[in-house]
Each structure stands twice: as C-alpha cells, then as structure tokens.
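Visitor: I'll drop the sequence and a predicted model, then ask my questions.
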Amino acid sequence: MKNSVGHWNSPPFKNAIHILLVLLYASLICLHLIPFITPLHCNGDPSPNCCRYNYVMKKFNTQSVSRSFCSGPVRIAFVGAWSTGKTSIINALLGHSYSTAQVDPAPTTDKFICLALGSPYSDPIRSDDYEMRKNCDLMGHIKDITHNVCGKTQQNVLDVADRNSEFKDFVFFDTPGFQSDYANDCTYQSFYSQIIDKMDFIYVVWDVNHGKIDHQFASFFEDKAHGKDYEMIYNRYEEANSNMAFLNQQYGRMAKGHELLSEGYILKVHENTTANAEHYLDDLLMLRSKILSVNQTVHDNRKISMKENLIRHRDMITGFDSLRKLKILDRMVQGDLNIHSKPKRSFLSHFGMEL
C-alpha cells in the first residue's frame, strides 16, 4: 500500500510473525520425521545393526556390543578357578603353546588374553596390524565399560596373534583363574562379568583338585543356560578318581534348576600321561568338534541375544530422543533381528529411513 506521498509503506510487522510460524511448523515437522531417520553415524557403518542397537541402548552401557559383534569371528572363552588347566587346554587345541602362554602348577595366566587365530605370525598383535587387531576389539570395548563402571580400567589385557588355521574363524579368550579376592576388585569383577556376558560360548574348566566354584563366579552364570551358553570341562579326569557328586554339588551353584551332570554327558579331558594318551587324544578330538559346531548357530544366537535385550529394556527407554529409539527398536525386533523372517527393505531404507 502507498502512503500520501506515493511511496510504498514498509511491510507490516505481522509478516515477521508469519516467518516465525513457518519456521516453527518446519521444526515440528522435523521433530516428527526424526524418529523415522536412522542416526547419521550408522549410515554406511560396516555393522549397522550393532550401531543402531548401541544407539538404542546408549543409557545401558553394560549392554552395548562391540562393532565386530554382528559379523565378527566366533568368541570362545575358557574360564574357571586358578590352575584348572585352561591355558593347557587351549595349547592342546592349537597343537602348540601360544606365544605368551604360561603353564605352571601355580596360578600363571595373570592377564585377560584375546587370541586371534589364523594370523601369519604368532606373537602379540602388532600395533599396525589392524586386520588382526579388529578381531580383538571386544577387549577395548570391555575396558571402556569397566572404566564407566569402576572409574578406572583393567590394565592386564593382551591381544595375541597365532598361526593356527583350524580355528581361523574363532577368537579364543584365556582368562586369569577366578579367585575370591576378585570380588573386592571392581575392575576384575567387571571385566570377568563382561567377558562371560559377551561370549558366544564359554567353557568352564573344572578340576577336582581345585574344585570349589566361587559364589561370585557362579553368579555370572545366573542368566546362562548349560549346553546353550556354556559347557563344563572335567579336566585331568581319571575314572578311578572321578567325583561327579562333588562336581554336581559345585555345579548346583551355577545351575538354575536341579539338572545333574553325568559322566556320559560331560566333556572330559583325561590327564595327559602315558597311561591316558589314547583317551587324552580322543577327548581333544571331541572338544575340537564341539567348538567347531558352535560356528553353525552363533550369528543367529547373537541376533536372539540382542533382540531379548531390546525387549527387556524397552520400557526403561526415556528422554528427548526416546520416540526415535523406540521406533528403531521396534524395527529391529520385528525385522532385522527376527531370525524367522527375511528383513524387509523398502526403497526409502537406502536413505536411512526407519519404516
């Protein structure tokens, strides 16, 4: 509109209000769209399911997974009390002692050791060998969790490479023998708990000569199922001196129900002596086949584990971005982590849309 001298009047102030309203409406539209968009840092990630899972479980840091969890090698841990023969069994499976292995009647393995197999060399993993080092990324991941829980990290950790090619699709974890003193050390207790929680399979090595299973150690297996998540190895077994009653008494601390172990259905490794040489070799052959069979179901089990965790924590997700997390959670539970149906991929999913 022109004024009395023929000049155009300045636009009324309400035009600025209109601009503000447009911006406000645009912001509201963005807020409604954000829940349908995958976090930008997960687009192009080599493990998008692990990335999205960690985003949803961000406030539950002990439940997070390492990047190699979704597609990395099979993780097998050997745990138990001190001097039960965990390292000796690993060496027997490899056909030689791994480079930093220590075997002695006294407690020897004082470190949490990640053993990446199928390497062209046998030594602690070189600092520039990223291909082998990524197989042990779980150790760094658990160190971060331990620091968050305890305020300091666990220093006794070592990544080792080995030439063994039979188990090239596996990573073995050798652990210090668990002792009651560890219950008072936050870093050891946290690290042990996370190692057991994040393994694909665990072998609890038991020896009648060091037979008592610590209550704290047993508590790590409260949510684990015998046969599915772990097996007991009766090491240094001798028919004449076997004590299944004592083993079952100790196993009762770990088992949920009243299941009993029997000599016919337990992994036994005879004492490596001249008299038991044939039995010992047969035992190792059986253990090898057991370990190799784990590889057939591990990736399905990982999906099941992630799915169960998401469902368990669904009602505890809160915060400004909770709607987005819940949308991603539902998409993963119903699709990406559902092992009984093929994940549906819409055209927009290529652009990071969670539909």
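Guide: Cool, got the structure.

Visitor: residue boundaries of the strands in the chain?
Guide: 74-80, 112-117, 123-124, 157-162, 170-174, 201-207, 230-237, 267-270 (DSSP state E).

Visitor: which residues touch residue 212?
Guide: By C-beta atoms under 8 Å, 6 or more residues apart in numbering, the contact set of residue 212 is 81, 250. (Glycine included, C-beta is placed from N, CA and C.)

Visitor: against residue 84, how distant is it?
Guide: Using C-beta to C-beta, to the nearest Å, residue 212 is found at 11 Å from residue 84.

Visitor: make TSV out of the strands of the chain and add distance to residue 183, mean pLDDT and mean neighbour count.
Guide: Formatted as TSV, the strands of the chain follow (distance: least, C-beta to C-beta, whole Å; pLDDT from 0 to 100; neighbours: other C-beta atoms under 10 Å):
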stretch	distance to residue 183	mean pLDDT	mean neighbour count
strand 74-80	15	94	24
strand 112-117	17	94	25
strand 123-124	30	93	14
strand 157-162	20	94	22
strand 170-174	21	95	25
strand 201-207	18	92	25
strand 230-237	20	90	22
strand 267-270	27	89	21
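
Visitor: wait, which of these is closest to residue 326?
Guide: Ranking the strands of the chain by their distance to residue 326 (criterion: C-beta to C-beta) puts strand 74-80 first, at 29.6 Å.

Visitor: give the partner strands of that closest one in its sheet and their orientations.
Guide: strand 170-174 (parallel), strand 201-207 (parallel) (DSSP bridges).

Visitor: which residue ranges of the stretch 1-150 of the chain form helices?
Guide: Secondary structure of the stretch 1-150 of the chain (DSSP state H, counting those that start in this stretch): helices located at 14-33, 48-56, 86-94, 130-133, 137-150.

Visitor: if I look at the residue most central in space within the chain, how far off is residue 229?
Guide: Residue closest to the average C-alpha location in the chain (C-alpha atoms, centre = their mean): residue 198, at 2.5 Å. Residue 198 sits at a distance of 11 Å from residue 229 (criterion: C-beta to C-beta).

Visitor: hmm, back to that, for residue 295, find the nearest of the helices of the stretch 1-150 of the chain.
Guide: Short answer: helix 86-94, nearest of those by C-beta to C-beta, at 14.4 Å.

Visitor: residue 304 touches residue 340, doesn't it?
Guide: No: look at residue 304 against residue 340 with C-beta atoms under 8 Å: they stay out of range, at 10.5 Å.

Visitor: TSV for the strands of the chain, including distance to residue 139?
Guide: Output for the strands of the chain, formatted as TSV (distance: least, C-beta to C-beta, whole Å):
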stretch	distance to residue 139
strand 74-80	11
strand 112-117	5
strand 123-124	12
strand 157-162	5
strand 170-174	9
strand 201-207	16
strand 230-237	20
strand 267-270	26
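
Visitor: nearest to residue 310, of the ones you listed?
Guide: strand 74-80 (20.5 Å).

Visitor: show residues contacting the closest one.
Guide: Residues outside strand 74-80 that contact it (C-beta under 8 Å, 6+ apart) are 86-87, 89-90, 138, 169-175, 177-178, 192, 195-196, 198-207, 217, 291, 294-295, 298.

Visitor: check stretch 174-182 too.
Guide: With C-beta under 8 Å, 6+ apart as the test, stretch 174-182 has contacts from 77-84, 86-87, 90, 98, 101, 107, 109-113, 115, 156, 188-189, 192, 195, 210, 214, 216-217.

Visitor: quick one, which of the residues you listed are buried?
Guide: Buried members of the contacts of stretch 174-182, counted by 16 or more other C-beta atoms under 10 Å: 77-84, 86-87, 90, 98, 101, 109, 111-113, 115, 188-189, 192, 195, 210, 214, 216-217.
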